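Peer 1: Based on what follows, work out the 3D shape:
(3 chains)
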Amino acid sequence: MSNYDRIYSIVSQIPSGKVATYGQIAELAQLYGQARLVGYALRRLDPRSPVPWHRVINAKGEISYSALRRGNDYQQRSLLEAEGIEFNRQGKIDLQVYLWRSSVR
DNA sequence: GTCGTGACTCGAT
DNA sequence: AATCGAGCCACGA
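Peer 2: So this is what the prediction gives:
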């Protein structure tokens, strides 16, 4: 089982209406300290993949932008809002409210 | 096999 | 509050 497989399976567990950070996913995938790898894995994911990639954000509660995504980041925000997640004035998500607390560990 | 890169994070400026 | 630099290491060319 590759690291990517673990990452995808964990991301798939995030419930609708909640979000998780890259670092959090890394920990759950037993890849502590390798948050970058999580982003790496999601980058090669297709936008129409079954994995809810849009529920993964950075530690600051913001959407991580990348030139390589070309507009998909805007779509991410729409998807999250459609699930009831709110963005504050600075385009940030309140992690205290929306962060996913995984039962597994 | 080597090398550059990065949807990140954290602590220090 | 905004920026910077270093750390992390699997992946793909």
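
Peer 1: Could you list the residues of chain A in contact with DNA strand C?
Peer 2: Applying Cβ under 7 Å from any atom of the strand, one finds that chain A approaches DNA strand C through A:2-4, A:33-37, A:40, A:44. Glycine gets a C-beta too; all of them are placed from N, C-alpha and C.

Peer 1: Could you list which of these also contact DNA strand B?
Peer 2: Answer for those near DNA strand B (Cβ under 7 Å from any atom of the strand): A:35-37, A:40.

Peer 1: Apart from its neighbours in sequence, what residue is nearest residue A:76?
Peer 2: residue A:54 (4.4 Å; Cβ to Cβ, 6 or more residues apart in numbering).

Peer 1: any idea how far the one you found is from DNA strand C?
Peer 2: Distance of residue A:54 to DNA strand C, given as Cβ to the nearest atom of the strand, to the nearest Å: 21 Å.

Peer 1: go on, residue A:59?
Peer 2: 10 Å.

Peer 1: quick one: contacts for that residue?
Peer 2: Counting by Cβ atoms under 8 Å, 6 or more residues apart in numbering, residue A:59 touches A:21-23, A:35.

Peer 1: can you check residue A:61 too?
Peer 2: Residue A:61 makes contact with A:92-95 under the criterion Cβ under 8 Å, 6+ apart.

Peer 1: Can you tell me which of those are classed as buried?
Peer 2: Among the contacts of residue A:61, the ones that count as buried by 16 or more other Cβ atoms under 10 Å are A:93, A:95.

Peer 1: which one of the contacts of residue A:61 sits closest to DNA strand C?
Peer 2: residue A:92 (10.2 Å; Cβ to the nearest atom of the strand).
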